[in-house]
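In: Okay, predicted coordinates and the sequence, questions at the end:
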Amino acid sequence: MTTSDNTLRPPRICVVGPVLPFRGGISHYNSMLFRALKDIGVQVSMFSFSRQYPKLLYPGANDRDPALGTYREPGVHYTIDSINPFTWWRTSRRIASELPDMVVFHWWTVFWAPCFVLMAYLLKRRGIRIVLICHNLVDHDSGALKSTISRWALNMADAYLVHSSEHKRRLLLEKPNIPVAQHPIPVYGHYPQAQHKLRKRGRLELLFFGFIRPYKGLDVLIDAMHQLSDPDVHLTVIGEYWGDPSALLEQLSRHQEIEAYLSYMSDEEAAEYFERADFVVLPYRAATGSAVASVAFHYNKPIIASRTGGLPDVVIDGYTGKLVTPNDPRELASVLRQMNRTQAQLLSDGVRNFKASNSWQSLCNELLLLEKGSSTRDTALP
């Protein structure tokens, strides 16, 4: 929204999306973004959910972090009920009353299309600029219907912020007249340091962390461990399985070098396993970005990842980690065979340098430029 004195005051921005105590990388991302915008003097408001997912549709045990109890992010309005359209309309009116220069929505799954499209429509009628932070363009493992709905939802934006060169390329091809900024996901600096040191085992400690879904390729990593057949390479798997874990448990039981915790683990507990790891492994079949990569970098851990989606934008081969062909357990086993702790320590230096140049403040600056319809980053096709 353009005002006569908008050059004399800080921009007014409203952000819509999940924040703590909701679980998942996007909630942590949004909380960090909200804090960073306030830190640089932006007049920012945040609207989140009173109910994010109905229990029937959420495959995990709980979509709120049990370690946070009754915590609420200070200054956030928890007003949006995912299955109550009246709250969508009421929240939109409240946002519009603040006269924001732009409203930022997070886009990551088609479930939110009805809510976000309606809210964006109501706000655009008031002349308010809509920016989408796209964590995904379409759902992982999505079919034709979900892809169609996602494209419909993406049309509501006046500008985009993405985290991968692949997403930037696709959006610029499909929407050449709409500004697209690209910035890596900064490091989530709120994670705790390990209170206890776990003993490293063998010659290499690997960690797979995060929600376990088919596209994340845990089975590829397990197959690679089988082909490697090295009792001095140890893998820890930490994550909540979305679905029936019986087949995975049977697969894991055949490998003494793999320990698995298929349930929620607090940040304090997880910190000990990140501290012990030499490499974090992301064997994804497909990916856009990865919040797990940001957590790994917080602990200065290099990453072994598939060469897919946005992962090569942060896992720079030979600098912050190693890249392998997706869905190729033989190649992954070969790379694991070559790695050692000395190489991991050298790659950790690259991780530290990468973190220093991709901060939350630099991401906020990109977002603020989109309010003016521009970006400091090259908008030519990458």
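Out: Structure received.

In: mind checking the backbone torsions on Val233?
Out: phi -110, psi 120 (degrees, to the nearest 10).

In: Could you give the bridge partners of it?
Out: Beta-bridge pairing for Val233 (DSSP bridges): Leu204.

In: To what extent is it buried, counted in neighbours?
Out: 22 (other Cβ atoms under 10 Å). The C-beta positions use only the backbone N, C-alpha and C, and glycine is treated the same way.

In: Same check on Leu363?
Out: Considering only other Cβ under 10 Å, Leu363 is surrounded by 23 other residues.

In: quick thing: my sequence starts at 38, can you match it?
Out: In the new count, where the first residue is 38, that last one comes out as Leu400.

In: which residues touch the nearest residue to it once chain neighbours are set aside?
Out: Among residues not flanking Leu400 along the chain, His220 sits closest, at 4.8 Å (Cβ to Cβ, 6 or more residues apart in numbering). For His220, the contacting residues are Leu198, His200, Asn395, Ser399, Leu400, Glu403, Arg414, by Cβ atoms under 8 Å, 6 or more residues apart in numbering.

In: so what's the backbone phi/psi at His220?
Out: With angles defined as degrees, to the nearest 10, His220 sits at phi -150, psi 130.

In: same check, this time on Asp118
Out: Dihedral angles (degrees, to the nearest 10) for Asp118: phi -100, psi 120.

In: Bridged to it, which residues?
Out: Counting by DSSP bridges, the residues bridging with Asp118 are Arg88.

In: quick one: Ala323 from Arg344, how far?
Out: 11 Å (Cβ to Cβ, to the nearest Å).

In: ditto for Val140
Out: 35 Å.

In: of these two, who's got more company?
Out: Val140 (27 against 17).

In: Could you measure from the spatially most central residue of the chain over to Ile222?
Out: Centroid-nearest residue in the chain: Ala328, 3.5 Å away (criterion: Cα atoms, centre = their mean). Going from Ala328 to Ile222 by Cβ to Cβ gives 6 Å.

In: same thing with Asp102?
Out: 19 Å.

In: now the strands for the stretch 288-419 of the chain?
Out: For the stretch 288-419 of the chain, the strands defined by DSSP state E, counting those that start in this stretch cover 295-298, 316-319, 340-343, 358-361.

In: so can I have JSON lines of these showing mean pLDDT, distance to Arg389 and mean neighbour count?
Out: Shown next, in JSON lines, are the strands of the stretch 288-419 of the chain (pLDDT from 0 to 100; distance: least, Cβ to Cβ, whole Å; neighbours: other Cβ atoms under 10 Å):
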{"stretch": "strand 295-298", "mean pLDDT": "92", "distance to Arg389": "28", "mean neighbour count": "18"}
{"stretch": "strand 316-319", "mean pLDDT": "98", "distance to Arg389": "15", "mean neighbour count": "27"}
{"stretch": "strand 340-343", "mean pLDDT": "98", "distance to Arg389": "14", "mean neighbour count": "26"}
{"stretch": "strand 358-361", "mean pLDDT": "98", "distance to Arg389": "13", "mean neighbour count": "24"}
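
In: Next, format these as a markdown table and append distance to Thr107.
Out: Below are the strands of the stretch 288-419 of the chain laid out as a markdown table (distance: least, Cβ to Cβ, whole Å):
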| stretch | distance to Thr107 |
| --- | --- |
| strand 295-298 | 26 |
| strand 316-319 | 31 |
| strand 340-343 | 35 |
| strand 358-361 | 38 |
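
In: Which one, of the ones you listed, ends up nearest to Tyr90?
Out: Nearest of the strands of the stretch 288-419 of the chain to Tyr90, taken as Cβ to Cβ: strand 295-298 at 23.1 Å.

In: Can you name every helix or strand that the closest one contacts?
Out: With contacts defined as 3 or more Cβ pairs under 8 Å, 6 or more residues apart in numbering; DSSP states H and E, strand 295-298 has these neighbours: strand 270-275, helix 283-289.

In: what do you get if the cut-off is 10 Å, keeping everything else the same?
Out: The contact analysis (3 or more Cβ pairs under 10 Å, 6 or more residues apart in numbering; DSSP states H and E) places strand 295-298 against strand 241-246, helix 255-265, strand 270-275, helix 283-289, helix 304-313.

In: Break the protein down into its domains, please.
Out: Domain assignment for the chain, taken from automatic domain parsing, gives 49-223+396-408, 241-394.

In: wait, which of the ones you listed is closest to His233?
Out: Per Cβ to Cβ, nearest to His233 of the domains of the chain: domain 241-394, 5.7 Å.

In: Now the terminal residues of that closest one, how far apart.
Out: One end of domain 241-394 to the other measures 29 Å (Cα to Cα, to the nearest Å).

In: quick one on the thing from earlier: please identify every residue contacting each of Ala323 and Arg344.
Out: Common neighbours of Ala323 and Arg344, counting by Cβ atoms under 10 Å, 6 or more residues apart in numbering, are Pro363.

In: Just the buried ones out of the contacts of His220, please.
Out: Burial by neighbour count, judged by 16 or more other Cβ atoms under 10 Å, picks out Leu198, His200, Asn395, Leu400, Arg414 from the contacts of His220.

In: Tabulate those residues (CSV), appending pLDDT and distance to Ile275.
Out: Shown next, in CSV, are the buried ones among the contacts of His220 (pLDDT from 0 to 100; distance: Cβ to Cβ, whole Å):
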residue, pLDDT, distance to Ile275
Leu198, 96, 29
His200, 89, 23
Asn395, 88, 25
Leu400, 94, 27
Arg414, 47, 34
